[in-house]
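*Asks:* requesting a structural model of the entry that follows:
(one chain, ligands or ions: 1)
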Amino acid sequence: MTPYAHIVGWGKCVPERALTNDELSEMVDTSDEWILARTGIQERRIVGEEETTLSMSLHAAQQALEVAHLRPNQLDLIVIATVTPDHLFPATSCLLQDALGATRAAAFDLSAGCTGFVYGLGIASHLLIAGVYRTALVIGAETLSRITDWQDRATCVLFGDGAGAVILQAGENEGGILATVLGADGSGGELLHLPAGGSRYPASHRTVAEGMHYIQMRGREVFRFAVRKMPAATQEVLQKAGLSIADVNLLIPHQANQRIIEAATRALDLPPERVYSNLHRYGNTSSASIPLALCEAADEGRIQPGDLMVCVGFGAGLTWGAAAIRWTRPQPVPTPPLRRFLRRLLYLLATTRSRLRKAWRWLNALLTRDPMAKDGRKEQ
Ligand code: ACO
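*Replies:* This next block holds a predicted model:
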């Protein structure tokens, strides 16, 4: 029997703080009219001091596990797509593995710009279909506000923070991720990049003084690339799945600019009601944008069992990707209070376990004789 990779759970997290266009126009030379007309964005969410990519991923993952009726120790794999990890290393997905108590899971981060979540879906679904793993958590999460130059009106009006998660599970019933296409063209890497902070330009007085730790973008060229690639990737993935645009019930495009979404919709000859957009509320949240939209579409009942959905993205790299998905999960029923309490207990246990492991490591280092020190004594 051919195994399939189904979406069985989903969850999201957005910061409470909404930053409106009017507030932005007090910070830089812009206006609500300009932002709305050129992008379709009305407001975006911005993290508080204590929030990070990890904290938002944790909330989104806990929700997704609840919808899927799964425990963290049933996860085999955790993938976080992000360009704003908590640290360059360790991977944010490893920190999440610990925070969730997903003791059996392998974990890694991936960087594919705004296409990251679609890349994650592609890789994880193939590992499931190949029989390597049974259950995978795929997250798109970003804290773009921490790498945004709040004095640059060309970029600061576009971006926001958030996280979206799905759980994929292998199953024998037909459906789930039917096909994916992933692509890259590094010759366009400089069109959208964060120049410093890596090994090419490590942090220095110069990189800070020259604003090299902020997103830099050639907006018009990215726009042209997106308008070309989104319809092309959608057509390609449908062809790979043996389907056509007429079969699509809902298109979930990367939420970067309403004009890009509308141009893609026109090029594909899709009625606007079959295209999902929540860009006006969140702005461009990079790899979080597609899973955030997917979660809201699922919660609003815009996707029903049997529906065909296409997720399509483009982003830094340059990268692009699309996934054709046959939805198989009915609307979840609310979790009873006792079950919710037990879940909270499970996460409390995960925190305790993590602290105990850290304490044990510390104690072990204290009690174990240092082999280097012994060698040193020998030489004297
Ligand atoms: N408020 C007022 N005026 C502005 C603003 C602003 N916030 N930003 C730019 N302008 C001005 C420019 O200075 C320019 O003025 P000029 O004509 O006097 O020189 C004018 O508006 C037009 O600027 P353009 O850059 O040509 O505006 P455009 O219509 O292309 O819109 C935008 C700019 C919104 C950035 C658009 O190009 C776009 O959405 N591009 C795609 C960006 C994108 O999707 N990026 C994310 C990729 S995904 C990822 O991996 C993160």
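
*Asks:* gap between the nearest residue to residue 245 once chain neighbours are set aside and the ligand?
*Replies:* Taking CB to CB, 6 or more residues apart in numbering as the measure, residue 245 lies nearest to residue 268, with 5.5 Å between them; neighbours along the chain are not counted. Bear in mind the C-beta positions are built from the backbone N, C-alpha and C, glycine included. Taking CB to the nearest ligand atom, to the nearest Å as the measure, residue 268 and the ligand are separated by 18 Å.

*Asks:* report the contact partners of residue 268.
*Replies:* When contacts are counted by CB atoms under 8 Å, 6 or more residues apart in numbering, residue 268 is found next to 231, 234-235, 245, 251.

*Asks:* what's the farthest-apart pair in those?
*Replies:* With distance counted by CB to CB, no two of the contacts of residue 268 lie farther apart than 235 and 251, which are 11.6 Å apart.

*Asks:* neighbour count for these two, which is higher?
*Replies:* Neighbours per residue (other CB atoms under 10 Å) separate residue 235 from residue 251, with residue 251 holding more: 25 against 18.

*Asks:* contact partners for that one?
*Replies:* By CB under 8 Å, 6+ apart, residue 251 lies in contact with 234, 264-265, 268, 270, 274-276, 309-310, 312.

*Asks:* reformat these as JSON lines; add pLDDT and secondary structure.
*Replies:* Formatted as JSON lines, the entries for the contacts of residue 251 read as follows, by pLDDT from 0 to 100; DSSP: H, G, I helix; E, B strand; the rest coil:
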{"residue": "234", "pLDDT": "98", "secondary structure": "helix"}
{"residue": "264", "pLDDT": "95", "secondary structure": "helix"}
{"residue": "265", "pLDDT": "96", "secondary structure": "helix"}
{"residue": "268", "pLDDT": "96", "secondary structure": "helix"}
{"residue": "270", "pLDDT": "96", "secondary structure": "coil"}
{"residue": "274", "pLDDT": "97", "secondary structure": "helix"}
{"residue": "275", "pLDDT": "97", "secondary structure": "strand"}
{"residue": "276", "pLDDT": "98", "secondary structure": "coil"}
{"residue": "309", "pLDDT": "98", "secondary structure": "strand"}
{"residue": "310", "pLDDT": "98", "secondary structure": "strand"}
{"residue": "312", "pLDDT": "98", "secondary structure": "strand"}
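
*Asks:* nearest to residue 166, of these?
*Replies:* Comparing every one of the contacts of residue 251 with residue 166 (CB to CB), the shortest separation belongs to residue 309, at 11.7 Å.

*Asks:* which neighbouring elements make contact with the longest helix along the chain?
*Replies:* Using DSSP state H to assign secondary structure, the helix with the most residues in the chain is helix 337-367. Helix 337-367 sits against helix 53-68, helix 92-100, with contacts defined as 3 or more CB pairs under 8 Å, 6 or more residues apart in numbering; DSSP states H and E.

*Asks:* to the ligand, which of the ones you listed lies closest?
*Replies:* Proximity to the ligand, assessed across the helices and strands packed on helix 337-367 by CB to the nearest ligand atom, is greatest for helix 53-68 (14.4 Å).

*Asks:* what's the first helix or strand after the closest one?
*Replies:* strand 77-81 (DSSP states H and E).

*Asks:* what's in contact with that next one?
*Replies:* Contact partners of strand 77-81, identified using CB under 8 Å, 6+ apart, comprise 53, 57, 61, 91-93, 96-97, 100, 102, 105-112, 116-117, 119-120, 123-124, 127, 133, 135-141, 287.

*Asks:* of these, buried ones?
*Replies:* Buried members of the contacts of strand 77-81, counted by 16 or more other CB atoms under 10 Å: 53, 57, 61, 91-93, 96-97, 100, 102, 105-107, 109-112, 116-117, 119-120, 123-124, 127, 133, 135-141, 287.
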